[in-house]
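[1] Sequence and predicted structure, then a few things I'm wondering about:
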Amino acid sequence: MLEVVGPAASVNSFLKNFTKADLDKTDLGYRRTFWPGGRDSGSASPMPLFSGTALSIGTLALRKMPLYRAHVRVEKGACAPGERVSFLLERPELFTTANLEEVACDQGLLLTHLSPGDYRFIAFTTGQPVEKFRRGRVEFRIGDRNVEVIVPLSRGVDIEGSVVLTDNAAKPRYEAIQVHMRSRTSVPVGPERLMEEVTESGRFRFVNKELRDLDLVVQGVPETHYVKEIRYGGLVLKEPVVPVSATVSAQTLEIVLDDKPVTIGGTVREDGRPVPEAFIALAKSPFSFADVPYRLITTTGQSDGSFQFAGLAPGEYQVIAVPLAARYRLDEPPILGTLLNKATTVKLEPRGFQNVALDLLKP
């Protein structure tokens, strides 16, 4: 399929100074479209093109169509005197973020030349330390008319964190551990910190974390230990995603470590011969394709085809190996799903170890 994007499709077109009449105007330009099909890739029809063949699509006739406007402003009463805000515009479908402008908090912007589709608008106060800045996000849709978007601003919450051990577990070196918290669906804004280091006493603290689901990644845990459990507000999380909320009575985050990890090792072969530097991926069951590529554990094999994953949580895993050059194909859920159907399954109890022989798979 072909994607057609005209010069007016830029998300950076906006007015800082505008009149009431400007709010009612529309624009003309070339919308983002797909051929043959429609507005997005989901409604387009792929054109088959086979190896060694050529395909002519003829002449594409384009015409200008109405493009719309969005008047974006901060919620009334949310601005302090002299406060300024920065605005960003995201297109989730395109994975793009446009840094628009810094303006007076009560001023707002008029975005122009917007094609129909889904957008996310972000505002955050500037020139303030992490303890005081506020931010807000609003998702909106452009259909067949101009829209007004009001962005609320709010401060996040402070989260007191600690690393704790299961009964009788040996204490690792806490200072090597780092805790990361960030959203997978949107960019961080302002002075917000995405990572905090753990102190010698096992403590860490996140200041002013945004009220939304945040992915949690713990790095630096030695291979002698693994993350057994994560608790937010005293409740055990099923997944390493923290649903940060102001309604949680105790803003605490506990990372529970155990010293009975498992190890999976082995070799990768093709036609009976070792494959040097293969790319090996490990998926813990049950695996959700919504997690791609965030929950895959990966490594590159040695020159003799050997590999090893240490410091794993006990449980069931699916293991696959692909050529190193094909590692990026694992980001595609259909490709990964097909490969996981051919995976080697390994199930280990605490302190377990297993060697597996993997056949190289070609995506």
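    The structure has been received and is ready for your questions.
[2] Need the contact partners of stretch 47-61.
    Stretch 47-61 has contacts (Cβ atoms under 8 Å, 6 or more residues apart in numbering) with 1-2, 4, 35-36. Any C-beta I mention is one placed from the backbone N, CA and C, and that applies to glycine too.
[3] TSV for those residues, including pLDDT and distance to Asp213?
    Output for those, formatted as TSV (pLDDT from 0 to 100; distance: Cβ to Cβ, whole Å):
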residue	pLDDT	distance to Asp213
Met1	69	32
Leu2	74	36
Val4	72	35
Trp35	73	36
Pro36	72	37
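[4] among these, which two are most distant?
    Largest separation among those by Cβ to Cβ: Val4 and Pro36, giving 11.0 Å.
[5] Show me the protein divided up by domain.
    2-49+60-151, 157-258, 262-359 (automatic domain parsing).
[6] Against Gln178, how distant is the spatially most central residue of the chain?
    The chain has Arg184 as the residue nearest its centroid, 1.9 Å off, counting by Cα atoms, centre = their mean. Shown here: Arg184 relative to Gln178, a distance of 18 Å by Cβ to Cβ, to the nearest Å.
[7] Equivalent analysis for Val322, please.
    Using Cβ to Cβ, Val322 is found at 29 Å from Gln178.
[8] These two: which has the busier surroundings?
    More crowded of Val322 and Gln178, by other Cβ atoms under 10 Å: Val322, with 24 against 15.
[9] quick one: pLDDT of the more buried one?
    pLDDT, Val322: 97.
[10] who's in contact with it?
    278-279, 281, 329-330, 339, 360-363 are the contacts of Val322 under Cβ under 8 Å, 6+ apart.
[11] Likewise for Ser86?
    Contacts of Ser86 (Cβ under 8 Å, 6+ apart): 99-102, 123-124, 126, 189-190.
[12] likewise Thr298?
    279-282, 327.
[13] wait, which of those is closest to Asp22?
    The closest of the contacts of Thr298, once distances to Asp22 are taken by Cβ to Cβ, is Arg327, at 49.3 Å.
[14] Skipping adjacent residues, who's closest to that closest one in space?
    Phe279 (4.2 Å; Cβ to Cβ, 6 or more residues apart in numbering).
[15] again, but for Thr166
    Thr166 sits nearest to Asp258 (Cβ to Cβ, 6+ apart), 4.6 Å away.
[16] what bridges to that neighbour?
    For Asp258, the beta-bridge partners are Tyr226 (DSSP bridges).
[17] what's the answer for Val217, then?
    On the basis of DSSP bridges, Val217 is bridged to His180.
[18] Give the burial count for it, as a bare number.
    With other Cβ under 10 Å as criterion, Val217 counts 14.
[19] swap in Gly272?
    By other Cβ under 10 Å, 6 other residues sit near Gly272.
[20] That one and Gly305, how far apart?
    The spacing between Gly272 and Gly305, counted by Cβ to Cβ, is 11 Å.
[21] repeat for Leu153
    For Leu153 relative to Gly305 (Cβ to Cβ), the value is 55 Å.
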